[in-house]
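Peer 1: A predicted structure for the sequence below; I have some questions about it.
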Amino acid sequence: MNRFSAQLRVLIWKEALVEARSRETVLAGAVFALLVLVIFNFAFDLRVESSAAVAPGVLWVTVTFAGVLSLGRSFARERDRRTLDGLLLAPVDRSALYLAKVIANVAAMLVVEVVAVPAFVAIFNLRVDLALLVPALVLGTVGLAGVGTLFAAMAAHTRAREVLLPLLLFPIQVPVIMATVKSTGAAIRVPGVEPPEIGNWLGLLVAFDALYLGLSVVLFDFAIDED
Amino acid sequence: MLGPNGAGKSTFIRVFSGLMRAAQGHALIMDRPAREARAHVGVVSHVTYLYDELTAAENLRLYGGLYGVADTAARARELLDLVGLAHLANERVGRLSRGQQQRVTIARALLHDPPVLLLDEPDTGLDLAAFSLLEALATSGGRAVVLTTHNLEAGLRLGTRVAVLSRGRVVHERGSVSPGDGPALADMLRRLASA
């Protein structure tokens, strides 16, 4: 095993162990997502004919907000406890550090989605095509976590990081969220309503994920620097 | 390395440990830029750099993996034994006392057997026994040690050279040092602190 993969493996092991023992990120994200879904349920009167158009947006607003919580915590916790300095004192490949965080964030967000999606389906009384929904969820989550991890590292330097992270992230996320909402819409089945064509949205999502991940790997070294 | 608060001692350690870039000039360790020499440097400061959720042994295995230490589990056991914490190897760091955490920090800094050790006011967080242990470990093995401290007595006892920092500059330097230099250095530090 080369040095990069050995470092990546030990960093992922650390992320998993810390989260499993603290349960800070997943638990907070899941509870937050459920609360947002309940609020949406009271706020919108989703009739059968309107649910196909509105529901994908509801799901992704929920996932994105819950995701921002997780992303923010991932670096804020390391900064506050100065453990990030400990990692940076070691001759660690910064790309390994970034990828370990992305993998941890994707995993945490997917766990939140495993809780939130059944609740979403039940609350809004929907039927979904899992074969279409799962790729949309996974690709959308990778897109969100890829750039989100980079911006979380940048925002963690600042005092107003809770405000700064969504301000930086949401504008950049527009193409990913658009493609994800369209892909999710194609997976929702409403009786008597023809589902929209998925078209090239999943392909676009793959392209944006690859672009954002590639750029983030390159830029992470600058984002993590103190000066 | 001596100096009053705000003299730049911690910044010096951060630059030479590769955590910060120097605003001017170059920080070289073993003829290499500090950032490229991180594998040869160990750092102990008042910050532990340890994960509260992991056990002492797990913390050492994590850092051992990052430094590329062969057989990290065995090395972690050896060092925990050396710092007197073998019986607490499987205890989470968050449940250890401050002094015990600092002992794990000493083990973390020595994990990769670095030829250069940077000690940033380590006496701030160490109890007396742990500081004596650090002294013994730091001065053994023929490694170069840079110690920043407020503790003039410890500095004179441990140091073979002394530099006094003020406002980011070396204002005084001696190639050799002895306990007899104490009064003059103490007077200089008092003047710098009140300047």
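Peer 2: Arrived safely. Residues are numbered from 1 along each chain as shown, chains lettered A, B, ... in the order given.
Peer 1: residue ranges of the strands in the chain, please?
Peer 2: Defaulting to chain A. Along chain A, counting by DSSP state E, strands occupy A:127-128, A:188-189.
Peer 1: that was the other one, I meant chain B.
Peer 2: B:28-29, B:32-33, B:41-45, B:116-120, B:144-148, B:162-166, B:169-174.
Peer 1: related to what we said a few turns ago, looking at the strands of chain A, which is buried most?
Peer 2: Mean neighbours per residue, mean count of other Cβ atoms under 10 Å in any protein chain shown, is largest over those for strand A:188-189, with a mean of 18. In this view, the C-beta of every residue, glycine as well, is placed from N, C-alpha and C.
Peer 1: can you list the strands that that strand pairs with?
Peer 2: strand A:127-128 (antiparallel) (DSSP bridges).
Peer 1: what residue in chain A comes nearest to chain B?
Peer 2: Distance from chain B to each residue of chain A (Cβ to the nearest Cβ) is smallest for A:G86, at 2.8 Å.
Peer 1: for that residue, give me the pLDDT.
Peer 2: According to the prediction, A:G86 has pLDDT 95.
Peer 1: ok, it - contacts?
Peer 2: B:47, B:49-50, B:63, B:108 (Cβ atoms under 8 Å, 6 or more residues apart in numbering or on different chains).
Peer 1: chain A against chain B: which residues are in contact?
Peer 2: A:3, A:6-7, A:9-11, A:13-14, A:17-18, A:21-22, A:81-83, A:85-92, A:225-227 (Cβ under 8 Å from any Cβ of the partner chain).
Peer 1: buried among these? Need that as a selection in ChimeraX.
Peer 2: In ChimeraX, a selection of the buried entries from these looks like this (16 or more other Cβ atoms under 10 Å in any protein chain shown):
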select /A:7,10,11,13,14,17,18,22,81,83,85,86,87,88,89,90,91,92
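Peer 1: centre-most residue in chain B?
Peer 2: Geometric centre of chain B, nearest residue: B:L119, 1.9 Å, by Cα atoms, centre = their mean.
Peer 1: tell me how many other residues surround the closest residue to that one other than its chain neighbours.
Peer 2: Here the nearest residue to B:L119 in space, its sequence neighbours aside, is B:L147; by Cβ to Cβ, 6 or more residues apart in numbering or on different chains that works out to 4.4 Å. By the criterion of other Cβ atoms under 10 Å in any protein chain shown, B:L147 has 25 neighbours.
Peer 1: so how far is chain A from B:L147?
Peer 2: Between B:L147 and chain A the distance, using Cβ to the nearest Cβ, to the nearest Å, works out to 17 Å.
Peer 1: enumerate every residue touching that residue.
Peer 2: Residues counted as contacts of B:L147 (Cβ under 8 Å, 6+ apart) are B:1, B:119, B:122, B:138, B:154-155, B:158-159.
Peer 1: can you tell me which of these lies closest to chain A?
Peer 2: B:L119 (13.3 Å).
Peer 1: give me phi/psi at the most far-flung residue of chain A relative to its centre?
Peer 2: Within chain A, the residue lying farthest from the chain centre (Cα atoms, centre = their mean) is A:G192, at 32.4 Å. A:G192 adopts backbone torsions of phi 80, psi 0, taken as degrees, to the nearest 10.
Peer 1: try A:P91
Peer 2: According to degrees, to the nearest 10, A:P91 has phi -80, psi 60.
Peer 1: B:V41 is in contact with that one, correct?
Peer 2: No - with contact defined as Cβ atoms under 8 Å, A:P91 does not reach B:V41; the gap is 9.3 Å.
Peer 1: now chain B against chain A: closest residue?
Peer 2: Chain A sits closest to B:Y49 of chain B, with a gap of 2.8 Å, by Cβ to the nearest Cβ.
Peer 1: closest one to A:G72 among the strands of chain B?
Peer 2: strand B:41-45 (26.5 Å; Cβ to Cβ).
Peer 1: against which helices or strands is the closest one packed?
Peer 2: In terms of contacts (3 or more Cβ pairs under 8 Å, 6 or more residues apart in numbering or on different chains; DSSP states H and E), strand B:41-45 is packed against helix B:9-16, helix B:98-110, strand B:116-120.
Peer 1: 7 Å - rerun?
Peer 2: helix B:98-110, strand B:116-120 (3 or more Cβ pairs under 7 Å, 6 or more residues apart in numbering or on different chains; DSSP states H and E).
Peer 1: where does the prediction get shaky in chain B?
Peer 2: Low-confidence segments of chain B, defined by pLDDT under 70, span residues B:125, B:138, B:141.
Peer 1: and the helices in it?
Peer 2: Using DSSP state H, the helices found in chain B span residues B:9-16, B:56-67, B:72-82, B:98-110, B:128-139, B:152-158, B:182-194.
Peer 1: right, so those helices: which one is the most enclosed?
Peer 2: Compared across these, helix B:56-67 shows the largest average neighbour count, a mean of 24 (mean count of other Cβ under 10 Å).
Peer 1: on that earlier part again, nearest to B:P179 among the contacts of A:G86?
Peer 2: B:V47 (29.9 Å).
Peer 1: so the closest one makes contact with A:R82?
Peer 2: Yes - if you go by Cβ atoms under 7 Å, B:V47 and A:R82 touch, sitting 4.6 Å apart.
Peer 1: list the contacts for B:L110?
Peer 2: B:42, B:79, B:137 (Cβ atoms under 7 Å, 6 or more residues apart in numbering or on different chains).
Peer 1: switch to 6 Å and redo it
Peer 2: Under the criterion of Cβ atoms under 6 Å, 6 or more residues apart in numbering or on different chains, the contact list for B:L110 reads B:G42.
Peer 1: before we move on, the earlier item: kindly reformat the strands of chain A as a markdown table containing distance to B:A23 and mean pLDDT.
Peer 2: Output for the strands of chain A, formatted as a markdown table (distance: least, Cβ to Cβ, whole Å; pLDDT from 0 to 100):
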| stretch | distance to B:A23 | mean pLDDT |
| --- | --- | --- |
| strand A:127-128 | 56 | 88 |
| strand A:188-189 | 56 | 84 |
